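Participant: Mind looking at a prediction? Sequence and model below.
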Amino acid sequence: MTIAPGQLVDPAASDLHVRLYTERHIESYAELHIRLYTDMRLLLRHRAALVKLRTTLKTRVRSVLADRGIDAPAALWDGPGRRWLAKLELPEVEREIVDDLCALVDTVDPIVARLEREIGGRAKPDPRVEALQRLPGVGLLTAMTLVAEIGDIARFDTARRLCSWSGLTPRVRNSDTKVLHR
């Protein structure tokens with residue numbers, strides 16, 4: 001199968017993937033699909049890890065404040081909350097810790113924003129993402145995660161096989177009084 005430069009072979013294919021395929025760095029159409037899904041999974045997992053790190057940092061700031069008996073405002077990370085935190089009088093060690101944690105949050109925030117823009121850009125041409133987002137409670141990141149983790153849905157003969165693969169349908173085997181849940 002030949003692909004002209006710029007011709008999308010998959011809704012999730014980026015210019016980089018098409019170029020890699022047309023220049024024969026990726027040998028087959030199947031390898032292209034594997035690469036597309038692998039790249040998207042890596043991006044989504046990287047974003048999730050950074051969001052978890054950011055949450056840990058913010059929780060640590062609240063913990064330092066709680067240890068001093070300080071009740072922080074709920075909106076600690078917006079403009080007024082950050083100004084309150086900067087003006088807050090703390091002992092030297094706690095001030096250093098809070099400042100370090102805030103600096104780390106400020107470092108992680110733009111990376112998460114960039115990843116979200118990149119993920120959003122990859123989602124726009126994908127009709128599967130649009131279809132999933134029509135479901136109540138499914139946003140862009142959830143839809144992209146489903147598409148990236150499942151990959152080519154055609155590899156599942158039935159919805160039951162997909163559910164089994166994802167672990168949503170537990171197996172129960174029983175014999176007399178013994179019951180095994182898997």
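Facilitator: Noted; the coordinates are in hand. Numbering: from 1, shown residues only.
Participant: what are the ranges of the helices in this structure?
Facilitator: Assigned by DSSP state H, the chain shows helices spanning 15-22, 29-67, 79-87, 92-123, 127-133, 140-150, 159-166.
Participant: Buried deepest among those helices, which one?
Facilitator: Neighbour counts (mean count of other CB atoms under 10 Å) averaged over each of those peak at helix 140-150, with a mean of 19. For every residue, glycine as well, the C-beta is placed using N, CA and C.
Participant: ok, residues contacting that helix?
Facilitator: Applying CB atoms under 8 Å, 6 or more residues apart in numbering, the contact partners of helix 140-150 are 12, 37, 40-41, 44, 47, 116, 119-120, 122-123, 126, 128-129, 132-133, 138, 162, 166.
Participant: So what does residue 78 look like in phi/psi?
Facilitator: Dihedral angles of residue 78 (phi, psi; degrees, to the nearest 10) stand at phi -90, psi -180.
Participant: how far away is it from residue 84?
Facilitator: From residue 78 across to residue 84, the span is 10 Å (CB to CB, to the nearest Å).
Participant: circling back to that earlier point, could the helices of the chain be laid out in a markdown table, adding mean pLDDT and distance to residue 73?
Facilitator: Converted to a markdown table, the helices of the chain look like this (pLDDT from 0 to 100; distance: least, CB to CB, whole Å):
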| stretch | mean pLDDT | distance to residue 73 |
| --- | --- | --- |
| helix 15-22 | 55 | 44 |
| helix 29-67 | 87 | 10 |
| helix 79-87 | 91 | 5 |
| helix 92-123 | 93 | 14 |
| helix 127-133 | 86 | 33 |
| helix 140-150 | 86 | 27 |
| helix 159-166 | 83 | 40 |
